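*Asks:* Fold the stuff below for me.
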Amino acid sequence: METTLPDDNLPSPPSPLRLRLDAQALADNWRALDRMSGAARAGAAVKADAYGLGVAQVAPALAAAGCRDWFVAHWQEVAELLRHVPADQVAVLHGPINDADVAFAKASGVRPVLNSLAQVARWRAGGGGACHVMVDTGMSRLGLPPAELADPALDGLAIDMVMSHLASADEDTTQNAAQLALFAQARAALPGRRYSLANSAGIALGADFHADLTRPGLALYGGIPRREFATTIRQTAYPEAAVIQVRQLQAGDRIGYNATHVADRPIRAGVIALGYADGYLRCWSGKGRFLFGGKELPVLGRISMDLTIVDLTMAPDCGEGDWLTAAYDPVAASAASGLSQYELFTLLGRRFARFI
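*Replies:* Numbering: from 1, shown residues only. From the prediction side, this is the model:
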């Protein structure tokens, strides 16, 4: 029997999942962080598909707000970003780990962040040019250790930006001052056109940490890394799922895998097309909440890979095809789920249609 394949030009039906992005809140968050950065400018960390919210939606909104510096982690993240911003504004944090990375950087015009003397040598061997240099000031992750900053391999390097990264800026800890002191040494040792240290939380630590450019990520997207942001940063991301079936349950009916919830009364239940494959993890089982028409609707039973069951009893007008919005305020959702605010964003899966 011959199989007929769909035409390549045949559009897929709409997804039953969508991630609504509040572009105005996103732009306002960037402007607030830019103001809080004082004399420094604010850039934007848009790695991991803009923390899971969609770089195709995020980058144009932030560019229109005034952002001119962009940071991704992987070289594979560059192509999508370059559809929206100039190449010389883009930095790749992981640096060139092989000759193919160097060739890509040279051809595209993006800036590599050099994290080791081996990467410095690789960049020079490939022709060199404008670059950034990361210095490890106490995180023991990426970057040159302070002991290597006097190495002759760095002499004459065309350094646009000298960078480091704060490990514990979301806490009031002596590590922040220790990293700042080491960063001051790096500034004295390496002649860069610009210097950058502060992430989102670091912006709230004050002018000493701002240098020339701050690199907010989490706070751009509505996360609250420190209490100083609580009244300034707005929620931007609203995951939504369509109801694909409505069921009438009776007292005693078992709900979901392993019958972790048993109905204690008649329940009007809705099955939505959302599960742990989409980043709505099993930790939300029995804890998650969805919103419809001003009503808060609890999750019933265990989250499945592709499905979640929600109590629609308090929303009698909600039916198949209607959309429920996940209660996803980052601080409250983190407390309810046990996930970090970073995980809440970056776990959101590819099946969400992202839109503004």
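*Asks:* residues in contact with Tyr9?
*Replies:* Just to correct that, residue 9 is Asn rather than Tyr. Asn9 makes no contacts at all, as judged by Cβ atoms under 8 Å, 6 or more residues apart in numbering. In short, each C-beta sits where N, CA and C put it, glycine included.
*Asks:* in what helix or strand does it lie?
*Replies:* For Asn9, there is no host helix or strand (DSSP states H and E).
*Asks:* Next, find the distance separating it from Arg351.
*Replies:* Plainly put, Asn9 is 21 Å away from Arg351 if you go by Cβ to Cβ, to the nearest Å.
*Asks:* Repeat that for Arg20.
*Replies:* Using Cβ to Cβ, we find Arg20 at a distance of 15 Å from Arg351.
*Asks:* cool, Ala237 as well?
*Replies:* Separation of Ala237 from Arg351 (Cβ to Cβ): 15 Å.
*Asks:* Same question for Thr137.
*Replies:* The gap separating Thr137 from Arg351 is 39 Å, by Cβ to Cβ.
*Asks:* What of Phe229?
*Replies:* From Phe229 over to Arg351 (counting by Cβ to Cβ), the distance is 30 Å.
*Asks:* one step back: so for Ala237 and Arg351, which residue has more residues nearby?
*Replies:* Ranked by neighbour count (other Cβ atoms under 10 Å), Ala237 and Arg351 place Ala237 first, with 26 against 17.
*Asks:* Any chance of the backbone angles for that one?
*Replies:* When read as degrees, to the nearest 10, the backbone of Ala237 gives phi -110, psi 130.
*Asks:* so who does it touch?
*Replies:* The contact partners of Ala237, by Cβ under 8 Å, 6+ apart, come to 19-22, 53, 221-222, 328, 345, 348.
*Asks:* Over to Ala64?
*Replies:* Going by Cβ under 8 Å, 6+ apart, the list of residues near Ala64 reads Ala27.
*Asks:* And it, how close does it get to Ala27?
*Replies:* Distance of Ala64 to Ala27, computed by Cβ to Cβ: 7 Å.
*Asks:* Equivalent analysis for His210, please.
*Replies:* In this view, His210 and Ala27 are 21 Å apart by Cβ to Cβ.
*Asks:* Compare these two and say which one has the larger neighbour count.
*Replies:* Shown here are His210 and Ala27; by other Cβ under 10 Å, His210 has more neighbours (22 against 19).
*Asks:* Tell me if I'm right that the more buried one and Ile203 touch.
*Replies:* Yes - under the criterion of Cβ atoms under 8 Å, His210 makes contact with Ile203 at 7.0 Å.
*Asks:* Now for those two: what residues contact both?
*Replies:* Common contacts of His210 and Ile203, defined by Cβ under 8 Å, 6+ apart, comprise Ser37.
*Asks:* check contacts around the residue nearest to Arg141 when sequence neighbours are not counted.
*Replies:* Closest residue to Arg141 apart from its sequence neighbours, by Cβ to Cβ, 6 or more residues apart in numbering: His165 at 7.2 Å. When contacts are counted by Cβ under 8 Å, 6+ apart, His165 is found next to 134, 137, 139, 141-143, 197, 199.
*Asks:* So which of the residues you listed are in strands?
*Replies:* Among the contacts of His165, the members falling in strands (DSSP state E) are Met134.
*Asks:* neighbour-wise, which of the contacts of His165 leads?
*Replies:* In terms of neighbours by other Cβ under 10 Å, the contacts of His165 top out with Leu197 at 29 neighbours.
*Asks:* From Asp49, how far off is it?
*Replies:* From Leu197 across to Asp49, the span is 25 Å (Cβ to Cβ).
*Asks:* do the same with Asp322
*Replies:* Distance of Asp322 to Asp49, given as Cβ to Cβ: 28 Å.
*Asks:* Looking at those two, which is more packed in?
*Replies:* Using other Cβ under 10 Å, the more surrounded residue of Asp322 and Asp49 is Asp49, with 21 against 16.
*Asks:* Assign that one to helix, strand or coil.
*Replies:* The local conformation at Asp49, judged by DSSP: H, G, I helix; E, B strand; the rest coil, is helix.
*Asks:* That one against Glu77, yeah?
*Replies:* Yes - at 7.4 Å, Asp49 counts as touching Glu77 under the criterion of Cβ under 8 Å.
*Asks:* for stretch 51-61, which positions count as buried?
*Replies:* 51-59, 61 (16 or more other Cβ atoms under 10 Å).
*Asks:* could you show me where the helices are in the stretch 151-300 of the chain, in order?
*Replies:* Counting by DSSP state H, counting those that start in this stretch, the stretch 151-300 of the chain has helices at residues 174-189, 200-203.
*Asks:* which strands and helices sit next to the shortest one?
*Replies:* Read it as helix 200-203. Helix 200-203 sits against helix 23-36, with contacts defined as 3 or more Cβ pairs under 8 Å, 6 or more residues apart in numbering; DSSP states H and E.
*Asks:* now the chain, which segments are flagged as low pLDDT?
*Replies:* Applying pLDDT under 70 to the chain flags residues 1-6.
*Asks:* same thing but 90
*Replies:* Residues of the chain meeting the criterion pLDDT under 90: 1-12.
*Asks:* Deepest-packed of the helices of the stretch 151-300 of the chain, please.
*Replies:* Greatest average neighbour count among the helices of the stretch 151-300 of the chain goes to helix 200-203 (a mean of 27), per mean count of other Cβ atoms under 10 Å.
*Asks:* quick one: contacts of that one?
*Replies:* 33, 36-37, 42, 166, 169-170, 176, 209-210, 214, 216-220, 223, 225-226, 229.
*Asks:* Now it - C-alpha only, CSV.
*Replies:* Taking Å, rounded to 0.1, in the frame of the first residue of the first chain, the C-alpha atoms of helix 200-203 are listed here in CSV:
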residue,chain,number,x,y,z
SER,A,200,21.0,40.7,36.8
ALA,A,201,21.5,40.4,40.5
GLY,A,202,24.9,42.2,40.3
ILE,A,203,23.2,45.3,39.0
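*Asks:* I am finished for the moment; much appreciated.
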